[in-house]
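Q: attaching a predicted model along with its sequence, questions to come.
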Amino acid sequence: MKYKGIIYILILTVLVSCEPNLKEDFNYSSGKADLSSYVAIGNSLTAGFADAALYTSGQENSFPAILAGQFKLVGGGDFKQPLINTEEGVGISSNGGIVTLTTKYKLGLVEDKDCSGQGTGEYSLKPVFVDPDPDPGTLFQQLYAPPLTPGPYNNVGVPGAMIQHLLFNQYGNKNSPFSNPYFVRFASHDTTTVIADAMLANPTFFSLWIGSNDILGSALVGSDNGVTPTEIFAEAYELILDNIFAVNSDLQGILINIPEIHSIPFFTTISASLPWNGLVLDEEQALMLTQIYEQHGHPEISFQAGPNAFVVFDAGSNNYSRTEEGDLFLLTLPTDKIKCEGLGSASTSTLSPNPIPDMFILDKDEQASINASIQAYNNTINTLAAQYDLPVLDAFSIMQDFESGMAFDGISFSTRFIEGGLFSLDAIHLNARGNALLANYMIEAINAHYEANIPQVIVGNYPGIVFP
């Protein structure tokens, strides 16, 4: 499939299968860890990006901010973040190559419409923009405005960052076509790098979570073509750690690996209700569609009475294909057009082929390729962690556990969209409670590796999705 992309802002709920024990005592200690200056390095997952935007309370509830709050109980220092000065948020989206600035999502009660566009009187809960028609100039100003508090900063998570961006010296240069506005807004100078700015805080302890966007940049548009090659990922990750430890050879920290895409509701929500062969036809409809495709030069596409695979336009081969069992419909799939305009079969207005563009589907072969890359990335992380004597938080396995459901502090969580309580409304990033859970898992790993006793947080003290 053809990959097209710009900056994709990215990678990470009500079945109950188990309830982990989070008991703690009051003999708190940092153990062998020096937490006096903690720096968090990464992408949107580190920055506190949520609900498709960067906004103040999202940053304040980022997992590094939560972690730093617990570190302070055992002697940790202050934790300064490059807070954006808006609670409505600024997000970046692309449609047909046109870049648009948006606000964050909120959960709205939206009236369903029939195929003529008329309201049905029935309502559904759906993510909607806080401001559906914001002033672009205001959003642009908010995006590029420097934080009110000057750096150095302890959180240098940059939404959209891929692994090679962390050492790229034009990433924070506003005049460069290769810059990222989310880094431009707090970069210490035009030719700095994310890693260089991280070291300005003189860290004694760091977290590094990078690599999700090296997968998601392609996967979010139904492709595996733009995934960062595994050998480049390995070289870049080692170079990042070499640069970090060159500044302070005694630095301590924790690495986080990459979750699989099946743990992210952006990739699983639609397919949970719309099967790959969800085009159900009677004999007359099947015959008509078969004739339409034959008349348009595609006799290989045929239909039968009963369930049928959808027709897909594969941009890579410039040809038609069919959905198969195991393919994933992405959350961006316009399902209303399947019902009302014949998307995936034939246009209801022109009676001509109307295939689903492949950017809305991640097929099983692409998934296999992506999963292989994730496994290779995680192997690299494990190897380098052993080399530098760093613990690894196994986010891959943790998120798999949440697929079947877990409970913490009497609250049920799973990876299901909205009702699962773990992800924000963009179905990619964690919400505040998800970040609190992640912080607790990190504390558990840090305690084990550094013989510490850092207390965990009460997950219920953090906000979940707000219902209208």
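A: Yes, it's here.
Q: give me the longest strand you can find in this structure.
A: As assigned by DSSP state E, the longest strand anywhere in the chain is strand 119-129.
Q: what residues of the helix ranked longest in the chain count as buried?
A: As assigned by DSSP state H, the longest helix anywhere in the chain is helix 364-388. For helix 364-388, the neighbour count (16 or more other Cβ atoms under 10 Å) marks 366-367, 369-370, 373-374, 376-378, 380-381, 384-385, 388 as buried. Any C-beta I mention is one placed from the backbone N, CA and C, and that applies to glycine too.
Q: by mean pLDDT, point me to the weakest helix or strand of the protein.
A: Lowest by mean pLDDT, DSSP states H and E among the helices and strands of the chain is strand 91-95, with a mean of 88.
Q: from the chain's centroid, how far away is that one?
A: 14 Å (Cα atoms, centre = their mean, to the nearest Å).
Q: hmm, back to that, show me what the longest helix of the chain packs onto, helices and strands only.
A: helix 212-219, helix 230-247, strand 252-256, strand 392-393 (3 or more Cβ pairs under 8 Å, 6 or more residues apart in numbering; DSSP states H and E).
Q: any idea which of the ones you listed is most buried?
A: Of all the helices and strands packed on helix 364-388, helix 212-219 has the most neighbours on average by mean count of other Cβ atoms under 10 Å, namely a mean of 27.
Q: before we move on, back to that, out of the buried residues of helix 364-388, which comes closest to residue 234?
A: Nearest to residue 234 among the buried residues of helix 364-388 is residue 380, at 4.4 Å by Cβ to Cβ.
Q: distance check, the closest one against residue 160.
A: Note on residue 380: its distance to residue 160, by Cβ to Cβ, to the nearest Å, is 21 Å.
Q: got the contact list for stretch 334-350?
A: Stretch 334-350 has contacts (Cβ atoms under 8 Å, 6 or more residues apart in numbering) with 113, 115, 270, 274, 279, 288-289, 292-293, 303, 308, 310-312, 323, 352-356, 360.
Q: how far is that stretch from where the chain is centred?
A: 29 Å.
Q: list the buried ones in stretch 126-143?
A: For stretch 126-143, by 16+ other Cβ under 10 Å, it's 127, 128, 129, 130, 134, 139, 142, 143.
Q: and what of stretch 258-266?
A: Buried residues in stretch 258-266 (16+ other Cβ under 10 Å): 258, 259, 260, 261, 263, 264, 265, 266.
Q: also stretch 68-82?
A: So stretch 68-82, judged by 16+ other Cβ under 10 Å, has buried residues 68, 70, 71, 74, 76, 77, 79, 80, 81, 82.
Q: farthest pair in the residues you listed?
A: Pairwise over the buried residues of stretch 68-82, using Cβ to Cβ, the maximum falls at 74 and 82, 25.1 Å.
Q: phi, psi of residue 54?
A: Per-residue torsions, residue 54: phi -100, psi 120 (degrees, to the nearest 10).
Q: run a quick neighbour tally on it.
A: Residues near residue 54, counting by other Cβ atoms under 10 Å, number 30.
Q: ok, now which ones touch it?
A: 44, 47, 48, 84, 89, 90, 91, 159, 182.
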